[in-house]
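Visitor: Mind folding the following:
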Amino acid sequence: MAQVLEFKLPDLGEGLTEAEIVRWLVEVGDVVAVDQPVVEVETAKAMVEVPCPYGGVVTARFGEEGTELPVGAPLITVAVGEPASGGSTDAPDGPVTEGTRDTPAAADGKGSGNVLVGYGTSEAPARRRRVRPDRPAPAPVSAPAVPAAPAVASANGGVRTAEAVDGPVAVISPLVRRLARENGIDLRELTGSGPDGLILRADVEYALRAAAAQGRTATATPDPHPRVAPGTAVIAPAPVPAPATAGTRIPLKGVRGAVADKLSRSRREIPDATCWVDADATELMRARAAMNAAGGPKISLLALLARICTAALARFPELNSTVDQEAREVVRLDHVHLGFAAQTDRGLVVPVVRDAHARDTEGLGAEFARLTEAARTGTLTPADLTGGTFTLNNYGVFGVDGSTPIINHPEAAMLGVGRIIPKPWVHEGELAVRQVVQLSLTFDHRVCDGGTAGGFLRHVADCVEQPAVLLRTL
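Guide: Model (predicted):
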């Protein structure tokens, strides 16, 4: 007899608690193999294809494309094993079983091989299967719901039953609970749009927008004719804010939402300062042209700047640090994971080159090319976007000279590089036209003082003007 297994949205790592369904890769009735990707989701970090650890026939899908699901919410159910005689795998006879004991991979003692957090890649210890005979299999979101109690209007425009008012609140994500608590929203008044009535963040945000549009507040409505004692000054009530201006509203979610949260946190926590200097990049451009003329892989300007960064960080390690606020300590890191800002159709992302300090210029160029292509196609993994210790921001590609960027929290510094353009410059005592670039360093003033930051930036400028300086550290 076939067993129906429920596959839930796994923990995708890096503290992610939810993901949005972008595209289903299977249909109900399709046969899937172990570790076959079944859905493409977008997290706050990247686009991820989620593999299913079960092999069998898909019997249900939960959530339409565009739906945001919390970690642990059902994704699909899969019928595994031989179907009952004369029966169909689309209509299972037994209860849904959780775990991997009945999967083909688990049957022969091997793991599914997937690498997502939340379920392993190797053989798991034997454990007793948990069966819930009293709990029916959850129905897909496409199935019509049959109300079992009188309907009551909910705060987010949906309809809830009387049972839902008195029963437990269908919320999994702690972020949703916190958002509701901070804004005075009673979750029992909401109707969830997720599977089995699960309340999502979008439901709470809808209720907040509806409350703002109607001019509602968390406090009780004041008496329009209050009784005032003689001789008591009358204070006019505060004016009710006007409804929000009409216009196109774009949700801050996915990559855009993650960027907004991170930049806001950086502004709140980091006392940053910026210094800058103009540098003559003529010799650096000549050195790059000579390297590329010698054959082999082309050396990008970004790779040369990255190599200069790692050399400068070796001399000024204070800028390759992070601040532990709880311990009130500056943590100086012994490895350089170099992030670089990249603008994509999905927004700003910062891929990270691991162990940049251990790579030469050619190796840095190859890794930049790989990560840039992955960013362009939207295939960066969460691991590609996290763990940076220092960021290189080449905003010169946008045709601008300078900037005071926001530090990529929890890093301590960011080097900015403007466009390289011909400018009049005094060279060897004479006025000449040279290739000039503006360099800027934004740094966390908690990790160092201006002298250290100025020394770092001056060393970078010296290497740009005289690339032979790098020979000292090769």
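Visitor: In this model V352 seems to touch T386, though I could be wrong.
Guide: Yes. Using Cβ atoms under 8 Å, T386 is in contact with V352, at 6.8 Å. All C-beta spots, glycine's among them, are computed from the backbone N, C-alpha and C.
Visitor: do you know how far A289 is from E283?
Guide: Distance, A289 to E283, by Cβ to Cβ, to the nearest Å: 11 Å.
Visitor: same question, A383
Guide: A383 is 37 Å from E283, by Cβ to Cβ.
Visitor: Also A314?
Guide: Computed as Cβ to Cβ, the A314 to E283 distance reads 21 Å.
Visitor: Looking at these two now, which is surrounded by more residues?
Guide: Neighbour comparison, A314 and E283: the larger count goes to E283, with 16 against 13 (by other Cβ atoms under 10 Å).
Visitor: Let me see the contact set for that one.
Guide: Applying Cβ atoms under 8 Å, 6 or more residues apart in numbering to E283 gives the contacts E465, Q466, P467.
Visitor: Swap in 10 Å and give it another go.
Guide: By Cβ atoms under 10 Å, 6 or more residues apart in numbering, the residues touching E283 are R434, Q435, C463, V464, E465, Q466, P467, A468.
Visitor: you'd agree the first one is up against K423?
Guide: Yes. Using Cβ atoms under 10 Å, R434 makes contact with K423 at a distance of 6.6 Å.
Visitor: shared neighbours of these two, anything?
Guide: Common neighbours of R434 and K423 (Cβ under 10 Å, 6+ apart) are D280.
Visitor: Comparing these two, which residue is more hemmed in?
Guide: Legend: neighbour count by other Cβ under 10 Å for R434 and K423, higher for R434 (20 against 13).
Visitor: how far out from the middle of the chain is the helix or strand harbouring the more buried one?
Guide: For R434, the element it lies in under DSSP states H and E is strand 430-444. Chain-centre distance of strand 430-444: 34 Å, with Cα atoms, centre = their mean, to the nearest Å.
Visitor: Paired strands for it, with orientation please.
Guide: Partners of strand 430-444 in the sheet, by DSSP bridges, are strand 272-280 (antiparallel), strand 413-417 (antiparallel), strand 421-427 (antiparallel).
Visitor: With mean pLDDT and distance to L348 as new columns, can the ones you listed be given to me in TSV?
Guide: Output for the strands paired with strand 430-444, formatted as TSV (pLDDT from 0 to 100; distance: least, Cβ to Cβ, whole Å):
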stretch	mean pLDDT	distance to L348
strand 272-280	96	18
strand 413-417	97	13
strand 421-427	96	24
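Visitor: okay, now T43: neighbour count?
Guide: That count, for T43 with other Cβ under 10 Å as the rule, works out to 21.
Visitor: same deal with A210?
Guide: For A210, using other Cβ under 10 Å, the count is 13.
Visitor: Distance check, it against D203.
Guide: 11 Å.
Visitor: try M285
Guide: For M285, the distance to D203 - Cβ to Cβ - is 55 Å.
Visitor: Please enumerate the helices of the stretch 251-400 of the chain.
Guide: 254-269, 282-293, 301-315, 361-377 (DSSP state H, counting those that start in this stretch).
Visitor: most tightly surrounded among the ones you listed?
Guide: Most buried of the helices of the stretch 251-400 of the chain, by mean neighbour count (mean count of other Cβ atoms under 10 Å): helix 301-315, with a mean of 22.
Visitor: Run the angle between that helix and helix 282-293 for me.
Guide: Interaxial angle of helix 301-315 relative to helix 282-293 (axes from the mean of the first three to the mean of the last three Cα atoms, to 10 degrees): 120 degrees.
Visitor: which other helices and strands contact helix 301-315?
Guide: Using 3 or more Cβ pairs under 10 Å, 6 or more residues apart in numbering; DSSP states H and E, the elements in contact with helix 301-315 are helix 282-293, strand 338-340, strand 352-353, helix 361-377, strand 390-393, strand 413-417, strand 430-444, helix 450-465.
Visitor: May I see these organised as CSV, with distance to R346 added?
Guide: Below are those laid out as CSV (distance: least, Cβ to Cβ, whole Å):
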stretch, distance to R346
helix 282-293, 30
strand 338-340, 16
strand 352-353, 17
helix 361-377, 9
strand 390-393, 18
strand 413-417, 21
strand 430-444, 24
helix 450-465, 31
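Visitor: Which one of the ones you listed lies nearest to W276?
Guide: Judged by Cβ to Cβ, the one of the helices and strands packed on helix 301-315 that comes nearest to W276 is strand 430-444, at 3.9 Å.
Visitor: Counting neighbours, which bits of the closest one end up buried?
Guide: R434, Q435, V436, V437, Q438, L439, S440, L441, T442, F443, D444 (16 or more other Cβ atoms under 10 Å).
Visitor: just the angle between that strand and helix 450-465, please?
Guide: 140 degrees.
Visitor: Can you tell me which of the contacts of E283 lies closest to D334?
Guide: Taking the contacts of E283 together and measuring to D334 by Cβ to Cβ, the closest member is C463, at 22.1 Å.
Visitor: burial measure for that closest one, as a count.
Guide: Neighbours around C463, by other Cβ under 10 Å: 24.
Visitor: For it, which residues are in contact?
Guide: Per Cβ under 10 Å, 6+ apart, neighbours of C463: 279, 283-284, 304-305, 307-309, 311-312, 469-470, 472-473.
Visitor: For A293, see how far away it is.
Guide: 21 Å.
Visitor: which stretches of the chain have low pLDDT?
Guide: 1-2, 13-16, 44-45, 82-175, 196, 215-245, 473-474 (pLDDT under 70).
Visitor: Show the backbone phi and psi for A73.
Guide: For A73, the backbone dihedrals (degrees, to the nearest 10) come out as phi -80, psi 150.
Visitor: In contact with the nearest residue to it once chain neighbours are set aside: list those residues for me.
Guide: Among residues not flanking A73 along the chain, L9 sits closest, at 5.3 Å (Cβ to Cβ, 6 or more residues apart in numbering). Contact partners of L9, counting by Cβ under 10 Å, 6+ apart, are 18-19, 21, 39, 41, 50, 62-63, 69-76, 116, 118, 172.
Visitor: please redo it, this time with the cut-off set to 8 Å
Guide: A19, V41, V50, L69, P70, V71, G72, A73, P74, L75.
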